[in-house]
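Chemist: let me see the structure of the following:
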Amino acid sequence: MGKRTFFRHISGEVPQNDFFLSLLAFSLDHGPEVLNAIHDDLMFSSDAEVIASQRNGLPRTPPDSGNYVLDWVVRDADKLVGYESKTGSDIPSDGQLDGELAKLEANNGGRDVYLYAFTDHHRNPIDRADVGWLSWYDVASRVQSLETINDSIKILQEMFDDNGYSRFSGFDEFEQSREWFLNHEEQIVKLAFEIGRRSEAFELYTKMHNQVPQHTTTKQLTKAFKNRARSLNQSVHAISYHPDESRKYATKGYNPCLLAPAITNEVGVYMHLNTAKTDEIETFVRGNASALTDLVNDHGMTLRTSWNNLNHPERKIKQYSDASEIERVLKNNVGSEYWKRLYFGWQMDTDQPAKELVAEATHRIDELHRLFFDPAEKLEDVPHY
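Modeler: Sure, this is the predicted structure:
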């Protein structure tokens with residue numbers, strides 16, 4: 001492979017691939033532990049080596065295989081394994097995968113051939129039996145779980161952490177310190193991103209380089225930028241989601257969200273209705289007051305309400321569980337003072353294991369799609385954006 005170059009700036013697909021490949025090749029000097037940790041269906045021998053990359057492709061190109069170049073190729077005594085990497089929402093085309101498989105076959109030297117695609121998706125977006133798939137998030141998790149730590153593995157772990165590939169692993173026990181607040185903020189956002197990746201109905205609402213806006217204090221919260229807090233002036237984090245088909249639901253104030261206080265390990269999954277945004281939402285709430293009350297009772301929800309400004313120090317979020325009181329609020333109070341923002345939903349058990357918390361929160365947020373978005377069975381004149 002010649003002299004290895006380590007890339008400091010890894011924002012974007014190509015720099016990330018270059019950086020990962022440099023460290024992978026370096027790690028093979030110590031054995032195939034990283035590769036074997038990444039794969040649960042392949043086992044590489046000690047002679048595994050990187051033999052090709054985007055910058056140094058395979059030598060033989062068969063006719064009609066196109067100009068596709070594999071991101072990297074690993075060879076050992078009995079197999080040749082090619083890798084195609086995509087980040088963001090990108091996936092390789094069937095034509096690209098066909099061409100790359102043809103190139104591997106033309107260069108296999110009698111070895112078994114395998115092709116893997118790495119993407120940022122939570123679920124396999126590639127419907128093919130002849131191509132393996134791994135999520136970069138799974139790759140990161142497996143590398144970060146390695147017990148052996150040498151320089152290449154340590155830098156790989158830091159790369160995944162810096163690029164936002166670390167999975168939500170739970171909340172730290174509360175302590176009154178600046179470090180706890182900063183860590184808590186990052187843990188909330190990691191949870192929000194993981195729910196967004198797993199949800200079948202909603203996407204996390206982001207803008208400006210995938211920054212999470214609206215009542216959060218975090219900046220550049222993506223796989224390309226490590227989560228860092230701007231300040232500690234928020235008392236409640238409200239992180240919004242929107243249906244796959246339209247981001248406007250989040251900007252219009254009819255959307256699911258996570259509600260998480262800044263100073264306690266509490267998280268709730270709620271349907272957010274902001275009556276201060278448009279008259280349409282207030283009219284919808286008043287017209288469906290009885291049906292919304294039934295939803296709360298039938299599905300074990302609570303109703304929380306607040307002023308439009310969630311973070312006023314003297315205006316705490318109100319909570320309702322009694323049916324008659326909920327219906328009275330929805331008929332008579334919405335749109336004024338403490339009843340401008342309405343939140344219908346559930347509090348999560350944050351003491352349960354992280355994987356179970358993620359699964360429960362994802363289930364609940366997808367349930368909100370069935371209950372509050374067309375064709376919602378019990379609600380009339382559901383807002384559309």
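Chemist: how's this structure carved up into domains?
Modeler: 13-162, 178-372 (automatic domain parsing).
Chemist: for the last one, how far is the first residue from the last?
Modeler: Domain 178-372 stretches 38 Å from its first residue to its last (C-alpha to C-alpha, to the nearest Å).
Chemist: quick one: Ser343 from Leu182, how far?
Modeler: No, residue 343 isn't Ser; it's Tyr. 26 Å (C-beta to C-beta, to the nearest Å). (C-beta placed from N, C-alpha, C; glycine too.)
Chemist: neighbour-wise, which of these two wins?
Modeler: Tyr343 (25 against 16; other C-beta atoms under 10 Å).
Chemist: report the contact partners of the more buried one.
Modeler: For Tyr343, the contacting residues are 257, 259, 268, 270-273, 303-306, 317, by C-beta atoms under 8 Å, 6 or more residues apart in numbering.
Chemist: just to be sure, it is in a strand?
Modeler: Yes - when DSSP: H, G, I helix; E, B strand; the rest coil is applied, Tyr343 is found to be in a strand.
Chemist: so what's it bridging to?
Modeler: His272, Arg304 (DSSP bridges).
Chemist: which intervals of the stretch 251-385 of the chain have sub-threshold pLDDT?
Modeler: For the stretch 251-385 of the chain, the stretches with pLDDT under 70 are 311-314.
Chemist: helices of that one, residue ranges please.
Modeler: 279-287, 289-298, 323-332, 354-372 (DSSP state H, counting those that start in this stretch).
Chemist: so which of those helices gets nearest Tyr241?
Modeler: helix 354-372 (6.5 Å; C-beta to C-beta).
Chemist: what kind of secondary structure is the residue nearest to Gly132 when sequence neighbours are not counted in?
Modeler: Once flanking residues are discounted, Gly132 sits nearest to Tyr116: 4.2 Å by C-beta to C-beta, 6 or more residues apart in numbering. Following three-state DSSP, the label given to Tyr116 is strand.
Chemist: burial of the nearest residue to Leu371 once chain neighbours are set aside, as a residue count?
Modeler: Closest residue in space to Leu371, ignoring its immediate chain neighbours: Leu295 at 5.9 Å, by C-beta to C-beta, 6+ apart. Using other C-beta under 10 Å, Leu295 has 21 neighbouring residues.
Chemist: next one: Phe181
Modeler: Neighbours of Phe181 using other C-beta under 10 Å come to 19.
Chemist: then Asp151?
Modeler: Look at Asp151: counted by other C-beta under 10 Å, it has 11 neighbours.
Chemist: that one and Ser27: what is the separation?
Modeler: 9 Å.
Chemist: just Thr264 next, same as before
Modeler: 41 Å.
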